[in-house]
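K.L.:
A structural model of the following input is requested.
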Amino acid sequence: MDLFEFILIITSVIYAMAVAQVLSGIGRLAQSDARITWFLPHSIWTLTLFVFIFLVWWSVWEFRDIDWTFPMYLYMVVAPTLTYFASYLLIPRSVGQGDIDLAAHFFRIRLPFLWSFLLAAVAGVLDGKVLIGEPWWFPGRGGHVALVVIVLAGIVSRNRRVQMLVAILVMLALAYVMVTRLWNPR
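P.N.:
Numbering: from 1, shown residues only. Modelled structure (predicted):
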């Protein structure tokens with residue numbers, strides 16, 4: 001086993017745990033007897049996080065041919081770890097018999113969730129520069145910049161409408177990045 005295979009296994013395990021968090025959380029909500037008050041930004045973020053995990057996971061393959069070092073390995077573990085933390089926060093842990101207000105839950109975890117998502121996204125945005133020296137600017141970079149700016153707007157605002165707009169725009173920015181970077185690789 002070479003070092004890239006080891007890195008791929010480690011990051012895959014962490015991303016798989018993040019996917020399991022999202023899916024098991026949705027499953028707990030679906031099976032709950034509690035009265036759930038849905039919050040559309042929370043639902044959009046759940047879908048966005050699920051898509052984000054697979055997009056970042058897929059992008060790891062771009063680095064299969066580089067000469068790995070231990071600092072590079074440590075860098076590659078940052079994004080999946082932060083993504084796992086974000087997925088752990090997003091869905092409420094306890095979904096017993098009481099009411100579940102997903103808006104209240106979202107605003108309770110908003111800052112740690114958005115910060116961990118933002119830092120994971122930045123780690124994913126900079127991976128090409130850090131690992132293979134890609135140029136600072138290329139056609140897909142606009143989506144990356146938009147993603148960062150949009151999430152920062154979500155961090156500074158507690159306004160429900162802003163949070164709705166942030167959730168939608170992050171999903172659109174991810175779609176843009178997916179089309180420009182992953183379907184049309186460097």
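
K.L.:
can you give me the strands in this protein?
P.N.:
Per DSSP state E, the chain carries strands over the ranges 36-37, 100-101.

K.L.:
Tell me which of those strands sits nearest to residue 10.
P.N.:
strand 100-101 (33.9 Å; Cβ to Cβ). Backbone N, C-alpha and C define where each C-beta goes, glycine included.

K.L.:
Check which helices and strands the closest one sits against.
P.N.:
Contacts defined by 3 or more Cβ pairs under 8 Å, 6 or more residues apart in numbering; DSSP states H and E place strand 100-101 against strand 36-37.

K.L.:
want to try a markdown table for the strands of the chain, with mean neighbour count and distance to residue 165 as columns?
P.N.:
Below are those laid out as a markdown table (neighbours: other Cβ atoms under 10 Å; distance: least, Cβ to Cβ, whole Å):
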| stretch | mean neighbour count | distance to residue 165 |
| --- | --- | --- |
| strand 36-37 | 14 | 20 |
| strand 100-101 | 18 | 21 |
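
K.L.:
Would you tell me which of those gets closest to residue 156?
P.N.:
For residue 156, the closest of the strands of the chain is strand 100-101, at 22.9 Å, according to Cβ to Cβ.

K.L.:
sorry, back to before: any chance of the strands of the chain in TSV, with distance to residue 51 and mean pLDDT too?
P.N.:
Listed next are those as TSV, based on distance: least, Cβ to Cβ, whole Å; pLDDT from 0 to 100:
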stretch	distance to residue 51	mean pLDDT
strand 36-37	22	92
strand 100-101	24	92
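
K.L.:
mind giving me a markdown table with those and columns for distance to residue 114?
P.N.:
A markdown table is the format used below for those (distance: least, Cβ to Cβ, whole Å):
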| stretch | distance to residue 114 |
| --- | --- |
| strand 36-37 | 21 |
| strand 100-101 | 19 |
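
K.L.:
so which of the ones you listed gets nearest residue 88?
P.N.:
That would be strand 100-101 among these, by Cβ to Cβ, at 16.8 Å.

K.L.:
contact partners of that closest one?
P.N.:
Strand 100-101 is contacted from outside by 29, 32, 34-37, 39, 92, using Cβ atoms under 8 Å, 6 or more residues apart in numbering.

K.L.:
Can you list the strands that it pairs with?
P.N.:
The strands beside strand 100-101 in its sheet (DSSP bridges) come out as strand 36-37 (parallel).

K.L.:
closest to residue 48 among the contacts of strand 100-101?
P.N.:
Proximity of the contacts of strand 100-101 to residue 48 (Cβ to Cβ) peaks at residue 39, which lies at 13.9 Å.

K.L.:
what number of residues lie near that closest one?
P.N.:
The number of residues packed near residue 39 is 20, by other Cβ atoms under 10 Å.

K.L.:
Residue 162 now?
P.N.:
Residue 162: 14 neighbours (other Cβ under 10 Å).

K.L.:
isn't it right up against residue 153?
P.N.:
Yes: shown here, residue 162 and residue 153 form a contact pair, counting by Cβ atoms under 8 Å, at 6.5 Å.
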